[in-house]
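> fold the stuff below for me.
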Amino acid sequence: MTYVFEFGQVFAAWDELLAGALRTLWLSAASMAIGLVLAILGALGKTSGPTWLRWLLDAYIELIRNTPFLIQIFLVFFGLPAIGLRLEADQAALLAMVINVAAYGIEIIRAGIESIGKGQIEAGRALGLHSLQIFRHIILKPALQAIYPALTSQFILLMLNSSVCSAIAASELTAAANDIQARNFRSFEVYFVVTGMYFAMSLIFWGIFAVIERAFLRRPATR
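Numbering: from 1, shown residues only. This next block holds a predicted model:
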């Protein structure tokens, strides 16, 4: 039997795919930004916080890293209403993505912080730098330079994993593709196009990360 490709039916719904792609980009960018802030704070807690906080962070990290992302999304979307917190699908998707990426980010940034020698910190104090300057220029920036490839790879993986959010009907690209496929039954054509769109979005993020690295991480630190 000869299969006849009909991409016209897919491109006829291009506005839906584009809206889904833009929503995926927004969800991914927002979760990356919020997750990065939480990861930095969590890494500080892991390296210099009290024992009870380190244990709490360890439990959180191990829980997230050893459970499927799909289950985490279900827990947020279907579980939180049991305690009176009901979220829209997109809100639940964003929260689940932040919780997920922050756990991985904490460990990545912690490793970067611990790679900074104590002698460099002591040298900063000897130069008269205050604590914020020491953290920003001697600890945080060199640590981010060291772990930037791993951190950005984790962010790209987060964007690709956002496709799982379609399981709770979040309005992202895969959910849009599923709706289109359910109408025209052109599974190969729909998901072939969507594959190309995810690849293009990955390239967009890689380009943005490269610009950020050149603009902020490769520049010499200033007081």
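> elements contacting the top helix by length along the chain?
Longest helix in the chain by number of residues (criterion: DSSP state H): helix 14-48. The contact analysis (3 or more CB pairs under 8 Å, 6 or more residues apart in numbering; DSSP states H and E) places helix 14-48 against helix 51-65, helix 89-114, helix 141-161, helix 173-184, helix 187-212. Bear in mind the C-beta positions are built from the backbone N, C-alpha and C, glycine included.
> for the fourth one, packing partners?
What that stands for is helix 173-184. In terms of contacts (3+ CB pairs under 8 Å, 6+ apart), helix 173-184 is packed against helix 8-11, helix 14-48, helix 187-212.
> buried residues in the first one, which are they?
Taking 16 or more other CB atoms under 10 Å as the neighbour-count basis, helix 8-11 is seen to contain the buried residues residue 10.
> next one: stretch 158-172
For stretch 158-172, a neighbour-count test (16+ other CB under 10 Å) marks 158-172 as buried.
> over to stretch 84-101?
87, 89-90, 92-101.
> for the helix or strand of the chain with the lowest mean pLDDT, the distance to its chain's centre please.
One helix or strand of the chain scores below all others by mean pLDDT, DSSP states H and E: helix 131-133, with a mean of 73. With CA atoms, centre = their mean, to the nearest Å as the basis, helix 131-133 stands 27 Å off its chain's centre.
> for that helix, packing partners?
Partner elements for helix 131-133 (3+ CB pairs under 8 Å, 6+ apart): none found.
> please repeat the previous calculation with a cut-off of 10 Å.
In terms of contacts (3 or more CB pairs under 10 Å, 6 or more residues apart in numbering; DSSP states H and E), helix 131-133 is packed against helix 118-126.
> for this protein, which spans come out with low pLDDT?
The model of the chain has pLDDT under 70 over residues 1, 219-223.
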